[in-house]
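Asks: just need the structure, nothing else, for what follows:
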Amino acid sequence: MGMGFTAPLYFLFSAFLLLVILMYFFRKQYKKKAIPSVLMWQEWMNEFEAQAWWRKLQHHLLLYLQLLALLFLIFTLTQPFFEKEGIEGDHIIFIMDTSASMTALEGESSRLELAKEEVFHILDKVDDQDLTVIVAKETPEILSERSSSKKEMLQLVGGLETTYASSNLIDSINLAKSILGDEKGNIQMFTDNFSEDNSLEFNPNTAFFAHNIGSSHINLAVETFGVAIRENDVVGVVNVKNEGEEAKEVKLNVYDDQNNVIKQVSETIEGNKLKTIYLEKLQIATSYKAVVSGDEQYLLDNEQIAFLGQQQDPNVYVHKDIHPFARKAVEIASTNVIHLSSTPAGGEDFQGVHLIQGIARSDWPSGPKLVFLSGQDGEEETELSGEVTANMTNPLMQSVEMERVHVEKTFTTDEFSSFDVVAARGGTPLILSGIYEGDPIIVVTFELGSSDWPLHPGFPLFMFHSIQELTQNQSMLGYFYPGQSLDYYPSSDVKKAEIIDEDDNVVSSSEAFDQPIDLPLTPGLYKLRETKDQTDTMKSFYIMLEDSEKSIQTVDSFTIPAVSSSMNQGGETTTSKDISYLFLILALVVLLLEWEVYRRGISN
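Replies: Have a look, this model is predicted:
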């Protein structure tokens, strides 16, 4: 930091100081005159000689003030300035990576925390520049645009939290470029692994700085983990990657759904290699967790959960009176179709989905059911009128185009009045779904023979969706990534849905189901608790890391400077702050002071 002058040529005006002094010498001269006595003058001269030196100066105060005011005006003309470190550009855009890998530790601080500190350092050097903050999510989010408040920026950046999902850096850069346009500015991106090999083009007025935070460390990651039933035994496969340069001893623990260790394995994995570990004869459980140990900087990728779900298509039992078109459609929808020529005898247990028509409800088998009403069990026949409507948010109606179907009559009963209406004509239900005696059920209230529905291309799709809906694992929702949402279609008796973490803490709660449910960001095992009139049900799901977040290797930071730029690799440059206005203010103050001194001199 130093001081300089934009127009030092104006220092030549200092000659006017000498002119003022010369003019002072030629001020008014007194005439010689004879007087009777100088006794009084002699007394005054003695007092003057006895005065302190600084009081003697008061007799020339007006001269000094005039010289000082003129000196300040000359300094104003030379346009003095202070040089200080600053950030080049009229607009500075910060792009922040909040993905999971930014939680990796560098010493005692995470990479995200170190990135925040660098942003704070840059903000200290910002001077009257527009500021924008973009979070590099899958869809980039602008937190603040063209703000001039450092305080606001400090609060926004300081309050950033990890979103765990993979960052979309390229789209974030393109968004920043569109905001800048032809404006002179720079883009400051804080991430951990953005390579200079990416093809980037910028406006000549735009500078780009990629700050890759941290350094590469030894990292062990569970790349994939799966379990299955083979010959009545549960087997598993775990792929573990060693990102270090040297071989690493790895300890693998497998836990069941009660968090009990059911398998322990020790393996040596070579540097930068992936090793497959096979697990045999695991105990039966609904879910399993594989955990590796051996590193410290990044633990999020050290574990993964696998559900033991349905391993093959379930049996579909087609009872004897089912329409031939329905038989053909279900053979397309499932590979394990069993056609029954007679009603199963009481006590026989057929595990699977049942397609039923013309069987008394007292004889219905247990398990999921797709029922076609026929009026043989006391249902009332009803003539229909009006338009056919369908609940398009229901999975059963995907691409079915039910509104094109012609249906003249249907069968109604109060027993299914609490079920969800999937499709209707004139307010009378055509398709219902719900829970009957503890099992999922789908009810078609009209005979296929009295409708043209089997001739429509959407009919086989409906049969396929029905089999999928009835056979899905009712206790598991599956796997999701951070930031995803769940298309949630609860049954009509669900009053509230809550997401609960592994510590039984309620993460979120909803009583309105017209919008998808936002799932948690933090990876881990969660449960969706559905509160009904009389009971609660639990459905498990797992938030897992994306593959791109299972690495913490870094690359060197780099800079793409603007065409005409004097900044260094950190984006810093020397900026000039004009201070000529200060000397102008001082000159005015001195002139006011001179006027006051002159006024007092006259009055005395």
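
Asks: quick one: stretch 532-547 to chain centroid distance?
Replies: Its chain's C-alpha centre and that of stretch 532-547 lie 22 Å apart, by CA atoms, centre = their mean, to the nearest Å.

Asks: roughly how far does Leu461 sit from Pro395?
Replies: With the distance defined as CB to CB, to the nearest Å, Leu461 ends up 11 Å from Pro395. The C-beta positions use only the backbone N, C-alpha and C, and glycine is treated the same way.

Asks: neighbour count winner among the two?
Replies: Per other CB atoms under 10 Å, whichever of Leu461 and Pro395 has more neighbours is Leu461, with 19 against 14.

Asks: now the element after the helix or strand harbouring that one, going C-ward?
Replies: Assigned by DSSP states H and E, Leu461 belongs to helix 458-471. Remark: after helix 458-471, the chain's next helix or strand is strand 476-480, criterion DSSP H and E.

Asks: pairing partners for that next one, with directions?
Replies: Each strand paired with strand 476-480, and its direction, by DSSP bridges: strand 536-543 (parallel).

Asks: tell me which residues of the helix or strand following the strand it pairs with come out buried.
Replies: Next helix or strand after strand 536-543 toward the C-terminus (DSSP H and E): strand 558-560. By neighbour count with 16 or more other CB atoms under 10 Å, strand 558-560 contains the buried residues Thr559.

Asks: name the helices or strands packed onto strand 558-560?
Replies: Judged by 3 or more CB pairs under 8 Å, 6 or more residues apart in numbering; DSSP states H and E, strand 558-560 is in contact with strand 206-212.

Asks: after the strand it packs on, which helix or strand is next?
Replies: Next along the chain after strand 206-212, taking DSSP H and E as the criterion, comes strand 220-230.

Asks: what residues of that following strand count as buried?
Replies: The neighbour-count check on strand 220-230 (16+ other CB under 10 Å) flags Leu220, Ala221, Val222, Thr224, Phe225, Gly226, Val227 as buried.

Asks: what's the closest of these to Ala290?
Replies: Of all the buried residues of strand 220-230, Ala290 sits closest to Phe225, with 4.6 Å by CB to CB.

Asks: quick check: bridge partners of that closest one?
Replies: Val238.

Asks: so who does it touch?
Replies: Contacts for Phe225 (CB atoms under 8 Å, 6 or more residues apart in numbering) come out as Gly236, Val237, Val238, Asn239, Tyr288, Ala290, Gln304, Ile305, Ala306.

Asks: run the last query once more with 6 Å
Replies: By CB atoms under 6 Å, 6 or more residues apart in numbering, the residues touching Phe225 are Val238, Ala290, Gln304, Ala306.

Asks: if we can go back for a sec, so which of the buried residues of strand 220-230 comes closest to Leu63?
Replies: Leu63 lies nearest to Ala221 out of the buried residues of strand 220-230, by CB to CB, at 82.1 Å.

Asks: I'd say the closest one and Lys550 touch.
Replies: Yes - counting by CB atoms under 6 Å, Ala221 does reach Lys550; the two are 4.2 Å apart.

Asks: between those two, which contacts overlap?
Replies: When contacts are counted by CB under 6 Å, 6+ apart, the set common to Ala221 and Lys550 consists of Asp301.

Asks: wait, which of the contacts of Phe225 is closest to Tyr278?
Replies: Nearest to Tyr278 among those, counting by CB to CB, is Val238 at 8.1 Å.
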